[in-house]
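# Structure here, sequence nowhere to be found:
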């Protein structure tokens, strides 16, 4: 391999010959963005480059007046001798892997990604490369996902059981990505209301042709029984919930695979549904890339480096500001919040 030309800096991951940053966590002149979650897309950079599918979400989160250039899937652009293209990551709508080629050497930055099919976004595309920079949010063997359809059926059964005893079902999920995925996967069993942070995002998904369950803003709530209410995790323990009593509370997250997480959050139910690859899918992605070197950026990085080395890869970890799927935080912007 040539001299290292992608590396971490105080501003973020830097591509030296192209003079741009990938998902920078501080303002820079040129930011290349994998997706619109707030740990990967920050305000303040002079210009942004992203996948065409992600541009509406990026403008929604960062402001309609930002300077953005977007590319179709697989479309190539050359910046400072570096050939760059975006390829589907499957994490949320518009999420991309970034393929970089310089002097015959190819690197892939996965961003956040998942391997299961998702009706709200373009499916993950394996890419061959000399090196791969991968997340590993769920990089331990205890994380192995069931099919999304099976989890959706489980959530539907819980919702129906709540309705049968005159309760509403409150389901916590990320405002961007997870909530829309649930609205696309779940059966129609009754009225559906959503927290204010979901409204604009739902509308963007529907404008893109994504079919969601019929829903209403929670501000239009009229005393009902048997409704499903989808809200971000930050809404838990807030006065906002009292209008929906009596109710049960659940969360859809990869972290629900650990029972202690559910008890920690005082939830009635926990459903294991993640927008990230599980341990075995991470290994599958690395194998399919045929990469010689693997770098892990966030998650169980230390453990994954050891495992990758056992498989014969040259592996290391880079410390970054990305957080992966953390059910104890939320990405709701102040302008999106509903009291």
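That came through, no problem. Model, not experiment: these values are computed from the prediction.
# any chance you could map the strands in the stretch 51-200 of the chain?
For the stretch 51-200 of the chain, applying DSSP state E, counting those that start in this stretch gives strands covering 68-71, 77-79, 82-88, 96-102, 105-109, 131-136, 168-172, 192-194.
# how about the ones you listed, which one is nearest residue 46?
Between residue 46 and the strands of the stretch 51-200 of the chain, the shortest separation by Cβ to Cβ is 11.2 Å, and it involves strand 68-71. Backbone N, C-alpha and C define where each C-beta goes, glycine included.
# ranges for the helices of the stretch 151-300 of the chain?
Assigned by DSSP state H, counting those that start in this stretch, the helices in the stretch 151-300 of the chain fall at 178-185, 196-207, 259-264, 279-289.
# Just say which of those is most tucked in.
For these, the largest average neighbour count (mean count of other Cβ atoms under 10 Å) is found in helix 178-185, namely a mean of 24.
# Would you reformat the strands of the stretch 51-200 of the chain as CSV and include distance to residue 291?
Below are the strands of the stretch 51-200 of the chain laid out as CSV (distance: least, Cβ to Cβ, whole Å):
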stretch, distance to residue 291
strand 68-71, 23
strand 77-79, 22
strand 82-88, 15
strand 96-102, 12
strand 105-109, 8
strand 131-136, 4
strand 168-172, 36
strand 192-194, 40
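# could I get these as JSON lines with distance to residue 239, mean pLDDT and mean neighbour count?
Below are the strands of the stretch 51-200 of the chain laid out as JSON lines (distance: least, Cβ to Cβ, whole Å; pLDDT from 0 to 100; neighbours: other Cβ atoms under 10 Å):
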{"stretch": "strand 68-71", "distance to residue 239": "38", "mean pLDDT": "98", "mean neighbour count": "17"}
{"stretch": "strand 77-79", "distance to residue 239": "49", "mean pLDDT": "98", "mean neighbour count": "13"}
{"stretch": "strand 82-88", "distance to residue 239": "40", "mean pLDDT": "98", "mean neighbour count": "20"}
{"stretch": "strand 96-102", "distance to residue 239": "39", "mean pLDDT": "98", "mean neighbour count": "24"}
{"stretch": "strand 105-109", "distance to residue 239": "42", "mean pLDDT": "98", "mean neighbour count": "21"}
{"stretch": "strand 131-136", "distance to residue 239": "36", "mean pLDDT": "98", "mean neighbour count": "26"}
{"stretch": "strand 168-172", "distance to residue 239": "14", "mean pLDDT": "98", "mean neighbour count": "25"}
{"stretch": "strand 192-194", "distance to residue 239": "16", "mean pLDDT": "98", "mean neighbour count": "24"}
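# returning to that earlier point: switch the helices of the stretch 151-300 of the chain over to a markdown table; also include distance to residue 297 and mean pLDDT.
Formatted as a markdown table, the helices of the stretch 151-300 of the chain follow (distance: least, Cβ to Cβ, whole Å; pLDDT from 0 to 100):
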| stretch | distance to residue 297 | mean pLDDT |
| --- | --- | --- |
| helix 178-185 | 21 | 98 |
| helix 196-207 | 25 | 97 |
| helix 259-264 | 23 | 79 |
| helix 279-289 | 12 | 98 |
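# first vs last residue of stretch 27-37, how far apart are they?
End-to-end distance for stretch 27-37, by Cα to Cα, to the nearest Å: 16 Å.
# State the mean pLDDT of it.
Stretch 27-37 carries an average pLDDT of 98.
# Show me what counts as buried in it.
28, 30, 31, 32, 33, 34, 35, 36, 37 (16 or more other Cβ atoms under 10 Å).
# which other residues reach the lowest-mean-pLDDT helix or strand in the chain?
The weakest-scoring helix or strand in the chain, judged by mean pLDDT, DSSP states H and E, is helix 259-264 (a mean of 79). Identification of contacts with helix 259-264 by Cβ atoms under 8 Å, 6 or more residues apart in numbering yields 251, 253, 255, 256, 269, 270, 327.
# pretty sure the fifth one is touching residue 253, no?
To tie it back to what came earlier, the one meant is residue 269. No - if you go by Cβ atoms under 8 Å, residue 269 and residue 253 don't touch, sitting 11.6 Å apart.
# So for the two, which residue has more residues nearby?
residue 253 (26 against 18; other Cβ atoms under 10 Å).
# I figured residue 32 hits residue 82, correct?
No - counting by Cβ under 8 Å, residue 32 sits too far from residue 82 to count as a contact (10.2 Å).
# so what sits against both of the two?
Common neighbours of residue 32 and residue 82, counting by Cβ under 8 Å, 6+ apart, are residue 15.
# Look up the closest residue to residue 246, ignoring the ones flanking it.
Nearest non-adjacent residue to residue 246, counting by Cβ to Cβ, 6 or more residues apart in numbering: residue 167, 4.9 Å away.
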